[in-house]
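Trainee: Have a look at this prediction, sequence included:
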Amino acid sequence: MVRAPTKKELEERVEQLIQEIEALQIARDDAARALQAAEGTVQAQQGELVAARAQADAAEEAATQARADADAARQLQAQLQAQLEAAAAAQPPAGPGGQDSVANLPEIPRPAGSGWSIREAMELDHPDYAEIQRSIRSLVIRSQLDWTDDFRRQDPDKLATFFRAARKAHPVLRRYMNNWAAAIARQYMQNKRKHAYRQGYIKKRPAPGDQAGNGPRRDGGGGMNGGGALAA
């Protein structure tokens, strides 16, 4: 015959069951919190996925627009190129300063003696001569010639660069034998030095074998006659 549990044993069993129930409730709560956190993570990931899809759509739209803009730019470039070619075809043949016509003109030697006008010796009118003056001033700087020193002491390589650029910009300069029209650049550099001397920016250097009175005629302002003074 089975013995009936005592009251104490029943109380201990009840206490044990209560502890097991509490443990199960704690486990259930932990599981509920984990599930809630997982659901939050899933929702966040879904939000990130939606945002990523929106960004991808925007990027695709931007790429499509960029391709359309590029196509429009190429079409515009082609149109402009066609217009330029048409305009070039419609232009008249090059004038006296053009390279084709210069090739058919005789060379001009440097005038002998003193008192001559460089513009007249170059056989140029005032506008053409003034344009060459402006260009020469720019080329002196771009060729990195040292205007603080005499023209005859310039670096040969830089002078060669200067002469090539000058003849390319103004093919008419090919007419002047031994580049004697470079007197424009020489006078420009002299005027800059004189101005710097007066202002005390640089010290005067002796010119290498400079011969007075052997060169083109100057006007009262110190520049080459026929083109106006080459101011510093």
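Mentor: Received, thanks.

Trainee: tell me how far stretch 171-186 is from the chain's mean position?
Mentor: Taking C-alpha atoms, centre = their mean, to the nearest Å, one finds the center of stretch 171-186 at 31 Å from the center of the full chain.

Trainee: For Leu124, grab phi and psi.
Mentor: The phi and psi values for Leu124, taken as degrees, to the nearest 10, are phi -120, psi 150.

Trainee: wait, Trp116
Mentor: The phi/psi pair for Trp116 (degrees, to the nearest 10) is phi -90, psi 160.

Trainee: how close does it get to Ala183?
Mentor: With distances taken as C-beta to C-beta, to the nearest Å, Trp116 is found 10 Å from Ala183. Backbone N, C-alpha and C define where each C-beta goes, glycine included.

Trainee: Have a look at these two and say which one is more surrounded.
Mentor: Neighbour comparison, Trp116 and Ala183: the larger count goes to Ala183, with 20 against 16 (by other C-beta atoms under 10 Å).

Trainee: Local confidence estimate at that one?
Mentor: Ala183 carries a pLDDT value of 84.

Trainee: same deal with the one 10 residues further on?
Mentor: At Arg193, the predicted lDDT confidence score is 90.

Trainee: Isn't it up against Ile202?
Mentor: Yes. With contact defined as C-beta atoms under 8 Å, Arg193 counts as touching Ile202 (7.0 Å).

Trainee: quick one: which of the two has more around it?
Mentor: Arg193 (20 against 14).

Trainee: Angles on the backbone of the more buried one, please.
Mentor: The phi/psi pair for Arg193 (degrees, to the nearest 10) is phi -70, psi -40.

Trainee: Determine the number of other residues adjacent to Ser135.
Mentor: Neighbour count for Ser135, taken as other C-beta under 10 Å: 16.

Trainee: What of Lys8?
Mentor: Lys8, neighbours per other C-beta under 10 Å, totals 8.

Trainee: host element of Arg137?
Mentor: Secondary structure assigned from DSSP states H and E places Arg137 in helix 126-142.

Trainee: Sort out which residues of stretch 195-209 are buried, please.
Mentor: Ala196 (16 or more other C-beta atoms under 10 Å).

Trainee: circling back to that earlier point, what do Arg193 and Ile202 both touch?
Mentor: Thr148 (C-beta atoms under 8 Å, 6 or more residues apart in numbering).

Trainee: which regions of this structure sit below the pLDDT cut-off?
Mentor: 77, 80-104, 207-232 (pLDDT under 70).

Trainee: State which helix of the protein is the longest.
Mentor: In the chain, taking DSSP state H as the definition, the longest helix is helix 7-90.

Trainee: gap between that one and the chain center?
Mentor: On C-alpha atoms, centre = their mean, the centre of helix 7-90 falls 42 Å from that of its chain.

Trainee: so what's the residue nearest in space to the middle of the chain up against?
Mentor: Centroid-nearest residue in the chain: Arg142, 15.6 Å away (criterion: C-alpha atoms, centre = their mean). Shown in contact with Arg142 (C-beta under 8 Å, 6+ apart): Ala165.

Trainee: just the one 4 residues further on next, same as before
Mentor: Applying C-beta under 8 Å, 6+ apart, one finds that Asp146 lies in contact with 153-155.

Trainee: Can you tell me the SS state at it?
Mentor: coil (DSSP: H, G, I helix; E, B strand; the rest coil).

Trainee: List the buried residues in the helix holding Arg137.
Mentor: Counting neighbours by 16+ other C-beta under 10 Å, one finds that the buried residues in helix 126-142 are 128-129, 132-133, 135-137, 139-140.
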